[in-house]
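Novice: Predicted model follows, preceded by the sequence.
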Amino acid sequence: MSAYLNTRVSLYAERLWQAENFDALLRAPDAEIASLLDERGLPQLAAGFHSQDLLSLEQRIIAQTLDETRVLIRPLTGEARNFLIYWTARFEVSNVKTLLRGKMTGERPAALLSHLTPMGSFGRLDNQDLAHAEDVGELLRRLEAGPYASIVRHVRRAFELSHDPFSLDASLDRGYYEGVVKRAQPLEKCAGPGFRTLMAHLIDRINLLWLLRYRFNYNLPPAQVYFLLVGSNYSLTGVRLRELAAMGSLEAVLAALPQDWHDRLASAPDIPSVFSIMERTAAEHALKVMRSNAPAISRAFAYMLLRERDLRAVRALLRGRHLGLPGADIRFALQRMPLEVM
């Protein structure tokens, strides 16, 4: 198992993008884009480059991710396999969000189904059945009888308190990532410290970004902010998150962070800068793990995190090209520096 997976990760690692790959894609004429994408291991995007449909672009990126995940999980069993499969479930959770919003706006089932991302063998929901639910309440009841029942229970409580789509989305996100943490815990005992640090960077970043956005962009009260965060035993524990949620400014939150994060983030001028620094720190660690002799599951998860970082950047670049934005504006939007192992 480990030999196959380690070999596959090493081969896939050659697909990761460097700064010169993005520059080449940005400069290339339209006629050469498909071949460039194919050369970089993105056949799904190459096949659909000329589509101007942003939904199609998003779906092709997800299809690419699912294709690679399908290969990586072939030798895996037990908790490692369950973890990587659940990692793909966030795409199906996005479908749940689409179904809920569609029911709230009275969208017809056929139109609603056309907006859903195909999950292939990773799909666990009967979308036809769900799309034909009478209303949001009926949809939630059907979801609670399905594979994401533990996530949807949070959503039902949020829906009973408020019919606000934001609350539904935020509750789904929280429930999903708590599921990731739950499935990661058994692996943290056997996959080495690198895996736990991958998880810590992921969950700490999600929690801090959500806390800052909910508190200072959306002006939610501290108690509600804390309720919407992911339960964690990483650097930003539940106790610390509760304290941070009660603070009155971005500067106060950053000043109260654990020393390691404080040193990195103290000078961040705004929330996007906080995200950028935390994401880059996580990517640097993921690159270390992927290039190390860590257990195969750790290297595979590190690759998946780096690959999806690449795909987000490729998506932004292709969207910029489709919109006819100047190259300088696209480069600024990417704000991406080449990674080096620290």
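Specialist: Alright, I've got the coordinates.
Novice: Residue 133 is in what secondary structure piece?
Specialist: Using DSSP states H and E, residue 133 sits in no helix or strand.
Novice: Then the one 4 residues further on?
Specialist: Following DSSP H and E, the helix or strand that holds residue 137 is helix 136-144.
Novice: so how far is that helix from its chain's centroid?
Specialist: For helix 136-144, the gap between its own C-alpha mean and the chain's C-alpha mean amounts to 25 Å (CA atoms, centre = their mean, to the nearest Å).
Novice: Which secondary structure elements does it sit against?
Specialist: Other helices and strands packing on helix 136-144, by 3 or more CB pairs under 8 Å, 6 or more residues apart in numbering; DSSP states H and E, are helix 89-104, helix 127-131, helix 149-161. Placement of C-beta: from N, CA and C, glycine included.
Novice: Mind listing residues that contact it?
Specialist: Applying CB atoms under 8 Å, 6 or more residues apart in numbering, the set of residues contacting helix 136-144 from outside is 96, 99-100, 103-104, 125, 129-130, 133, 149, 152-153, 155-156, 159, 163.
Novice: returning to what we had before: just the helices and strands packed on helix 136-144: most buried one?
Specialist: Greatest average neighbour count among the helices and strands packed on helix 136-144 goes to helix 89-104 (a mean of 20), per mean count of other CB atoms under 10 Å.
Novice: where's it relative to the chain centroid, distance-wise?
Specialist: Using CA atoms, centre = their mean, the offset of helix 89-104 from its chain centre is 15 Å.
Novice: Need the contact partners of that helix.
Specialist: 62, 65-66, 107, 111-112, 115-117, 119, 122-125, 127, 130-131, 133, 135-136, 139-140, 143, 148, 151-152, 155, 163, 165, 168-169, 172-173, 176, 179.
Novice: Derive a PyMOL selection command for the buried subset of the residues you listed.
Specialist: To isolate the buried members of these in PyMOL, using 16 or more other CB atoms under 10 Å:
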select buried, resi 62+65+66+107+112+116+117+119+122+123+125+127+130+131+133+136+139+140+143+148+151+152+155+168+169+172+173+176+179
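Novice: Can you give me the distance of the most centrally placed residue in the chain to residue 326?
Specialist: Centroid-nearest residue in the chain: residue 90, 7.2 Å away (criterion: CA atoms, centre = their mean). Taking CB to CB, to the nearest Å as the measure, residue 90 falls 33 Å from residue 326.
Novice: Could you do residue 257 as well?
Specialist: In this view, residue 257 and residue 326 are 37 Å apart by CB to CB.
Novice: ok, these two, which is more surrounded?
Specialist: Per other CB atoms under 10 Å, whichever of residue 257 and residue 326 has more neighbours is residue 257, with 20 against 9.
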